[in-house]
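S.K.: after the sequence you'll find the predicted model.
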Amino acid sequence: MKRLLGPLAVFVAALLIFAAVLLTRPAPLPAPTPVVTRITATPGRGPTPTIAVITPAPTISIQNIDRTSLSEALIGAPKKINPLLAGYNRVDRDLSALIFEGLMTTDSYGAPIPDLAAAPPRVSSDGLTYVVTTRTDVLWQDGLRFSADDVIFTIHLMQDNAFPGQPDLRAFWQTVEMLKVDDTTIRFELAQPLAAFTDYLRIGILPEHVLRGTNAADLAKHPFNLDKPIGTGPYQFDGWIGSGAQVQGVRLKRAASYASRPEGKDGFAFDDLVFRFYAGFNEAVAAFQRGEVFTIGEIPVDAIDQVSPITQLTVQSTYKPAFGTIIYNWRNDNVPFFRDIHMRQALARAVDRQAIVDKVMARRAVLADSPILPNSWAYDRGVQCSAFNPFNLDSAKAQLSLVQVAIPDAAATQDSAQPTLPPTRTPDPRTPRPTLPPLNPNAVRFTLLVRDDPSQNALAAEVVAAWSALGINVQTLVADTQTYNNRLRAGEFEAALTELNLAPGSDPDPYSLWRQVPADGGLNFGGMNDRILSEIMEAARRESANGVHRAELYRQFQRAFCERVPALLLYDPVFTYGIDARIQGVQLGFMADPTDRFRTIQAWHFGGQ
């Protein structure tokens, strides 16, 4: 297959599958007085949804329930139970995760481990060739044997120009060449070394014998997606609850084909899984109270206090695959001071991040101290971020006095919506800079772009208030979601408060977020341009495994990120799962996607007498 150009864009394009952006808006400051401007692409918004007050649930005796069946409430409805097409629908992803498997999966720290592969891939010394050997003891749920043909068939569907799934998934796989060596061996040839390649091998594999003759253009319309999806996973489709437009749920049963495998013989107290679909969270909670369900797929953080009176309902939490941060536009020549490390350190030291997150994001998030998720194998617990942590206003003012940047005339910065100027490459930080007059803080002014969301608005207000203590004039531009996203992607901002969603990627490679060449796409919306950070990231993604050397490079990256402060890290959001108090064995580890809550389902069971 012909390789496509732009190997850097390849990984970025793939990660764009996993990207989603959320933001906030600040409020009044002590001094100077801020200006808050509201822009919207739509004439108005509907009322803010409310969560009903919950009454305590009745206690249901453990003797009166079927211990072999588990029912869960999901918000939404299925559209296509197909791992290649499930990216846009949460319910589809949940069901696909239990029915299908990929060549690789992840452990509780997000590290890749074999699933349908018999062992980790063999990687060439140049990092361009991955050889995968498939298992010989795996059967499809209809009894036929799994083979390399199924892998080839699945990936060929994604490589087709007519593939109806996410475009970036197609863009990535079109850059990979595949060769079937024999019935159990596939060789993948990459355009460029990519240590995160095993992450893409987590995509669920489809049965070639069932879909034989189906081309990519017809895949979305195939009855396989809803009539009877067949996978290799621990549970298989067993029928709909309800009918037609009145489908209320789906029943999965334990797959005999999986139970015959070594890892499927023990555990699995639940022979049946029933997923019931509800239009909203209130309906899901009411179903729990009626005893219709025993778990709730996700409890919104704003609802934790409301459900606390339900004594039968317990919650488990873990980190979402996302983080909240303020990014700066390094490419906008109206705000050149963002390219100065002392300016970024001053802005960070002026903010009491711990106090602000505790005040505004209580139960929603925890303080972020690294651009890598805290429960990832690559996370370094030794990072202290001493360059700006802890909060110290005197130190912030001292750093501000070291800034040497010529600020454009104030009139040039009034229109924050003007197009972003072409990328300006900053000098290598190791090169001596010319001496300029000390910066006058009162001359520093910029606009913070914020998505119109109540909780995020409050967070932004606290940050802007902290910056005003430095004498800096920060105006707030509040935009509806569509306008905000358009501006962010186009680079039409000076600074922006954003929540970057990394799901469903499990690999810690941060290249798309912070790489030095933003013109090729990716999530580096502000064009962060730091050669020190880029060199570390480039070296890490050339590594062929998640070994000691790659982990050391990510330790270096996290420490350099703290020192260089290319963005102001604020918080790590929390995912909360609702569970009947009598269910035991649930353990939430690293989460690349909410479907990872099922990682330990083999150990789940009803306890008590």
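M.R.: Noted; the coordinates are in hand.
S.K.: hey, let's count contacts and neighbours off CA atoms from now on
M.R.: Will do.
S.K.: pull the helix or strand with minimum mean pLDDT from this structure.
M.R.: Across the helices and strands of the chain, mean confidence by mean pLDDT, DSSP states H and E is lowest for strand 20-23: a mean of 34.
S.K.: tell me the predicted confidence for Asp409.
M.R.: On the pLDDT scale, Asp409 is placed at 62.
S.K.: sorry, wrong one. I was asking about Asp302.
M.R.: 83.
S.K.: burial count for it?
M.R.: 14 (other CA atoms under 10 Å).
S.K.: for it, which non-adjacent residue is closest in space?
M.R.: Leaving aside its chain neighbours, Asp302 sits nearest to Arg364 (7.5 Å; criterion: CA to CA, 6 or more residues apart in numbering).
S.K.: cool, Val315 as well?
M.R.: Closest to Val315 by CA to CA, 6+ apart is Gly578, at 4.7 Å.
S.K.: could you look up the SS state of Tyr554?
M.R.: Secondary structure assignment for Tyr554 (DSSP: H, G, I helix; E, B strand; the rest coil): helix.
S.K.: likewise the one 5 residues further on?
M.R.: Reduced to three states with three-state DSSP, the structure at Arg559 is helix.
S.K.: quick check: it vs Ser506, distance?
M.R.: Separation of Arg559 from Ser506 (CA to CA, to the nearest Å) stands at 21 Å.
S.K.: neighbour-wise, which of these two wins?
M.R.: The neighbour count for Arg559 versus Ser506, taken as other CA under 10 Å, is higher for Ser506 (26 against 21).
S.K.: please report the distance of the closest residue to the more buried one other than its chain neighbours from Thr325.
M.R.: In this structure, Ser506 finds its nearest non-sequential neighbour in Ala592, 4.9 Å apart by CA to CA, 6+ apart. Distance, Ala592 to Thr325, using CA to CA: 19 Å.
S.K.: tell me which of these two has more neighbours.
M.R.: Applying other CA under 10 Å to Ala592 and Thr325 shows that Ala592 carries more neighbours, namely 25 against 20.
S.K.: so how far is Leu95 from the more buried one?
M.R.: 16 Å.
S.K.: tally of neighbours for Leu226?
M.R.: Based on other CA under 10 Å, the number of other residues close to Leu226 is 16.
S.K.: show me what contacts it?
M.R.: 79-81 (CA atoms under 8 Å, 6 or more residues apart in numbering).
S.K.: per-residue confidence at it?
M.R.: 92.
S.K.: do you know how far it is from Thr133?
M.R.: 30 Å.
S.K.: for Arg349, which residues are in contact?
M.R.: Taking CA under 8 Å, 6+ apart, one finds 388-393, 395-396 in contact with Arg349.
S.K.: same deal with Leu98?
M.R.: When contacts are counted by CA under 8 Å, 6+ apart, Leu98 is found next to 233-236, 598.
S.K.: got the confidence number for it?
M.R.: Reported pLDDT for Leu98: 98.
S.K.: could you do Gly382 as well?
M.R.: The model's pLDDT for Gly382 equals 84.
S.K.: what's the answer for the one 3 residues further on, then?
M.R.: As summarised for this prediction, Cys385 has a pLDDT of 78.
S.K.: next one: the one 5 residues further on
M.R.: On pLDDT, Pro390 comes in at 81.
S.K.: so it touches Val351, yeah?
M.R.: No. Counting by CA atoms under 8 Å, Pro390 does not reach Val351; the two are 9.0 Å apart.
S.K.: of the two, who's got more company?
M.R.: Set Pro390 next to Val351 and count neighbours by other CA under 10 Å: Val351 wins out with 26 against 16.
S.K.: ok, that one touching Ser468?
M.R.: No. Counting by CA under 8 Å, Val351 stays clear of Ser468, with 10.3 Å between them.
S.K.: so Gly242 sits against Arg251, correct?
M.R.: No. Gly242 is beyond contact range of Arg251, at 10.8 Å (criterion: CA under 8 Å).
S.K.: what about these two, which has more around it?
M.R.: Set Gly242 next to Arg251 and count neighbours by other CA under 10 Å: Arg251 wins out with 19 against 11.
S.K.: what pLDDT is listed against that one?
M.R.: 97.
S.K.: any idea of the mean pLDDT for stretch 308-321?
M.R.: 92.
S.K.: list of residues touching that stretch?
M.R.: 54-59, 307, 373-375, 501-504, 572-582, 587-593.
S.K.: stretch 448-455 too?
M.R.: 22-26, 360-361, 456-457, 460, 474-481, 484, 493-498.
S.K.: for stretch 146-159, same thing?
M.R.: Counting by CA under 8 Å, 6+ apart, 84, 134-136, 138-140, 163, 165, 169-171, 173-174, 178, 180, 182-186, 205-209, 215-216 sit against stretch 146-159.
S.K.: among the residues you listed, name the buried ones.
M.R.: 84, 134-135, 138-140, 163, 165, 169-171, 173-174, 178, 180, 184-186, 205-208, 215-216 (16 or more other CA atoms under 10 Å).
S.K.: restricted to helices, list those residues.
M.R.: 169-171, 173, 208 (DSSP state H).
S.K.: closest one of those residues to Ala303?
M.R.: Leu169 (34.2 Å; CA to CA).
S.K.: so what pLDDT did that closest one get?
M.R.: At Leu169, pLDDT is 93.
S.K.: and if you look at Thr431?
M.R.: pLDDT at Thr431 comes out at 55.
S.K.: how near is the closest residue to Val293 other than its chain neighbours to Ala346?
M.R.: Using CA to CA, 6+ apart and skipping the chain neighbours, the partner closest in space to Val293 is Ser71 (4.6 Å). Going from Ser71 to Ala346 by CA to CA gives 52 Å.
S.K.: show me which of the ones in helices among the buried ones among the contacts of stretch 146-159 is closest to Asn282.
M.R.: Distances from Asn282 to those, taken by CA to CA, are shortest for Leu169, at 34.6 Å.
S.K.: now that closest one: how far from Ala111?
M.R.: The value you get for Leu169 to Ala111, if CA to CA is used, is 21 Å.
S.K.: for Ile407, helix, strand, or coil?
M.R.: On the three-state scheme (three-state DSSP), Ile407 is labelled coil.
S.K.: shaky segments in this structure?
M.R.: Within the chain, the segments meeting pLDDT under 70 span 1-63, 244, 387, 409-438, 516-522, 544-546, 609.
S.K.: show me the contact partners of the helix or strand encompassing Asp394.
M.R.: According to DSSP states H and E, Asp394 maps onto helix 393-400. Contacts of helix 393-400 from elsewhere in the structure, counted by CA under 8 Å, 6+ apart, are 342-343, 345-351, 439, 441, 470.
S.K.: would TSV of these with distance to Ala567 be doable?
M.R.: Shown next, in TSV, are the contacts of helix 393-400 (distance: CA to CA, whole Å):
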residue	distance to Ala567
His342	13
Met343	11
Gln345	10
Ala346	12
Leu347	10
Ala348	9
Arg349	12
Ala350	14
Val351	13
Leu439	21
Pro441	20
Leu470	18
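S.K.: distance between the ends of stretch 316-333?
M.R.: 46 Å.
S.K.: narrow the buried ones among the contacts of stretch 146-159 to those in strands?
M.R.: Among the buried ones among the contacts of stretch 146-159, the members found in strands (DSSP state E) are 178, 180, 185-186.
S.K.: which pair in those residues spans the largest distance?
M.R.: Using CA to CA, those reach their maximum pairwise distance at Met178 and Thr185, which is 10.6 Å.
S.K.: isn't Cys385 right next to Cys562, touching?
M.R.: Yes. Cys385 lies in contact with Cys562 (CA under 8 Å); the separation is 4.7 Å.
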